[in-house]
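In: Sharing a model that was predicted from the sequence below.
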Amino acid sequence: MHVLVTGGAGFIGSHVVDALLSRGHTVAVLDSLAARVHPERAWPDIPPGVRRVRGDVTERDDWLVALEGADAVVHLAAYQDYQADFSRFALVNDAGTALLYELLVERSQPIRRVVVASSQAVYGEGAYRCPDHGRQYPPPRSLEQLACGAWDPACPVCGAPLEPTASSEQHPAPTNAYGISKLATESYALTLGARHGLPTSALRFSIIQGPRQSPANAYSGVLRAFVGHIRHGRRPVVYEDGRQRRDYTHIRDAVTAVELVLEHPDAVGQAFNVGSGQVTTVLEYANAVLSAMGVAAEPDVSGRYRLGDTRHVWSDTARIRALGWRPTRTLHEIIRDYLDWAAGAPEGEDWTAAALARMEASGVVRQIAQVD
């Protein structure tokens, strides 16, 4: 196949490009080289033979150039941020995806598969169980609740404590602009794909981590932030009380999921969770990074919290496992592989401190009134 990878110069995209080439496909890349990810605005190392198109997924002409000759698309390009620029999420993520399908239909372009990247963020606060009222999907935690450091959601029926459980594909309930845009992206892709005979799959990635995550990108993951703080002599900053539960997924496992749904006949028309199956607290992760870097310190748990964060969320991967996919990498391997890569990458500016300062100045990161 000749595969167009949008966002192909970025973290996940660059690994997907490598994997596709190794399987004998030809590849084109469409990437805007956004400054928040590529501060030098220059192409990173991309293998020879890959056609590079610098352009934006919101621009018709850029799509037309990039789509030339493509018979498959892996659509990874997206806008991510913690700031309140809500309209940009809809413009880039949703209108950009709708434009892709508009052009494919308009041109009657034969397409064997479109794979769109979605996110675990579509689950919002995630899934829980109440002892008396069963499975629950609580609404976003209120500003008042967060301000007083009452971190865990309660049962919306009776107010009792809830036990978190894995989120399955059947109940998306996004609670921030990014999650809303990703659910809309899926809806455009799966609905328009089915209507117009463009075989489409969506992948709801859990928190993907590993080599090549841009140190300049404030949204690129907690591992980048932890390592950035530690490399500059600070303790890693942990929001809330650090007991939030997550599943962190190695980039290689994310790539094998892309490879699978790109060709599997039973993947068409569905969204699939892609997660590690290993539930880890943020505090456990911070301590694991400190240990791996040989630093004797405690994480900075000082009552900061970030608006739009979820308390506990991890993914049920039964649906994609039924197609034969399995995660193979551990949290230890995520940390090791990222640190090995970071050791050879230029340290550059103190991006982590700058991102934290920007979020604090804008009110995205706040402080509870008193820490017990």
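Out: That came through, no problem.

In: Roughly how far does the closest residue to residue 149 other than its chain neighbours sit from residue 281?
Out: Computed as Cβ to Cβ, 6 or more residues apart in numbering, the closest residue to residue 149 that is not its neighbour in sequence is residue 368, at 4.3 Å. (Each C-beta comes from the backbone N, C-alpha and C, glycine too.) Distance from residue 368 to residue 281, counting by Cβ to Cβ, to the nearest Å: 19 Å.

In: and if you look at residue 187?
Out: 32 Å.

In: for residue 259, same thing?
Out: Distance, residue 259 to residue 281, using Cβ to Cβ: 31 Å.

In: Just want to know which of those two has more residues nearby.
Out: residue 259 (19 against 16; other Cβ atoms under 10 Å).

In: got the contact list for stretch 75-92?
Out: 5-8, 10, 12-13, 16, 30-32, 36, 57-58, 93, 96-97, 100, 114-117, 177-178, 180-182, 184-185, 189, 217-219, 306, 308, 358-359, 362, 364 (Cβ atoms under 8 Å, 6 or more residues apart in numbering).

In: From those, list the buried ones, please.
Out: 5-8, 10, 12-13, 16, 30-32, 36, 57-58, 93, 96-97, 100, 114-117, 177-178, 180-182, 184-185, 189, 217-219, 359, 364 (16 or more other Cβ atoms under 10 Å).

In: so of those residues, which ones are in strands?
Out: 5, 6, 30, 31, 114, 115, 116, 117 (DSSP state E).

In: Pick the one among those closest to residue 299.
Out: residue 117 (30.0 Å; Cβ to Cβ).

In: Quick check: closest non-adjacent residue to the closest one.
Out: Counting by Cβ to Cβ, 6+ apart, the residue nearest residue 117 is residue 76, at 4.6 Å.

In: and that neighbour, how far is that from residue 83?
Out: Separation of residue 76 from residue 83 (Cβ to Cβ) stands at 21 Å.

In: So which of those two has more stuff around it?
Out: residue 76 (23 against 14).

In: Please read off the pLDDT at the more buried one from the model.
Out: With respect to pLDDT, residue 76 scores 98.

In: before we move on, back to that, and for the residue nearest to residue 149, the neighbour number?
Out: Neighbour tally, residue 368, other Cβ under 10 Å: 17.

In: chain center to the strand or helix carrying residue 260, what's the gap?
Out: Element membership for residue 260, per DSSP states H and E: helix 251-263. Its chain's average C-alpha position is 14 Å from that of helix 251-263, according to Cα atoms, centre = their mean, to the nearest Å.

In: Mind listing what's buried along that helix?
Out: Of all the residues in helix 251-263, those buried under the rule 16+ other Cβ under 10 Å are 251, 252, 253, 254, 255, 256, 257, 258, 259, 260, 261, 262.

In: Please apply the same query to stretch 191-211.
Out: 192-193, 198-211.
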